[in-house]
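**Student:** What follows is a predicted structure for the sequence shown.
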Amino acid sequence: MDRRNVIFGMAAVSLLPMATRVVAQDAGIEKGKLKALMGGDFATATSELAVAKATNRAVKTFAELEIAEQAAVAEAFGSKPGANGFSEKHQTAVQKLQAAKGAEFDRMYINGQIDGHEELLTIHKSYARNGDDPMARGASMVAVTGIQSHLVMLKTIKSTLS
C-alpha cells in the first residue's frame, strides 16, 4: 500500500470528528473568542488536510506553519485546537476540500485560506480592541500582523499555482 494513501487515510479519519462538529462545545466561551477559535479550527482542519494531500511544497509548508500558529492562538485564548468546531459554511468547505485532488486541491486550499485569513483579520482586529480577556487581546494584537503577513504569503503562493 502506498505510504501517502495510509497517511492521508489516517489524517482524514482524525479529521472526521472536527469536520462534523459545527457548534461550539463550550457555550460559556465569550462570543468574540469563540469566533476566533472557530476560525482557527477551520484553518487547522484544512491545513491538516493540506499536509496530507497538497502536491505543491509551498502549500504544504504553509499548512505546517498554520497548524502550529493556530495551536498557539488557541492556547492563548484558553482552548485547544479543534475544541470549538466551526460553522456550517466552513464544514461545507472542508468537505469539498476532502474531495479535491492534486493541483485543484492546492488551489482550493490556498483560496480557502485567503478567505479564512481575511475573516480572521476582521475578528482579531475587533477582539484586540474590545475583547474581555487580556491574554487573548494580546494574542489578537500579535495575530493581526501575523495574519497580514500570511495573506501576503498566500497571495504569493496563489500566483505560482497553475
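**Tutor:** Yep, that arrived. Numbers count the residues shown, from 1 in each chain.

**Student:** residue boundaries of the helices in this protein?
**Tutor:** Using DSSP state H, the helices of the chain run over 3-20, 31-53, 57-76, 88-99, 102-130, 134-160.

**Student:** Now for residue 117: which residues touch it?
**Tutor:** 43, 147, 150-151, 154 (CB atoms under 8 Å, 6 or more residues apart in numbering). Just so you know, the C-beta spots here come from the backbone N, C-alpha and C atoms, and that holds for glycine as well.

**Student:** what's the farthest-apart pair in those residues?
**Tutor:** Within those, two members stand farthest from each other by CB to CB: 43 and 151, at 12.5 Å.

**Student:** thinking again about what came up before, please indicate which of the contacts of residue 117 are buried?
**Tutor:** Buried subset of the contacts of residue 117 (neighbour count, 16 or more other CB atoms under 10 Å): 43, 147, 150-151, 154.

**Student:** Now render those as TSV, adding distance to residue 104.
**Tutor:** Shown next, in TSV, are the buried ones among the contacts of residue 117 (distance: CB to CB, whole Å):
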residue	distance to residue 104
43	20
147	25
150	22
151	22
154	17
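
**Student:** What is the nearest of these to residue 137?
**Tutor:** Closest to residue 137, out of all of the buried ones among the contacts of residue 117 and judged by CB to CB, is residue 147, at 15.2 Å.

**Student:** show me the contacts for the residue positioned nearest the centre of the chain.
**Tutor:** Central residue of the chain (CA atoms, centre = their mean): residue 43, 0.5 Å from the mean position. The contact partners of residue 43, by CB under 8 Å, 6+ apart, come to 66, 70, 113, 116-117, 120.

**Student:** now, among the residues you listed, which is nearest to residue 105?
**Tutor:** Nearest to residue 105, judged by CB to CB, of the contacts of residue 43 is residue 113 at 12.3 Å.

**Student:** Enumerate every residue touching that closest one.
**Tutor:** Counting by CB under 8 Å, 6+ apart, residue 113 makes contact with 43, 46-47, 62, 66, 150, 154.
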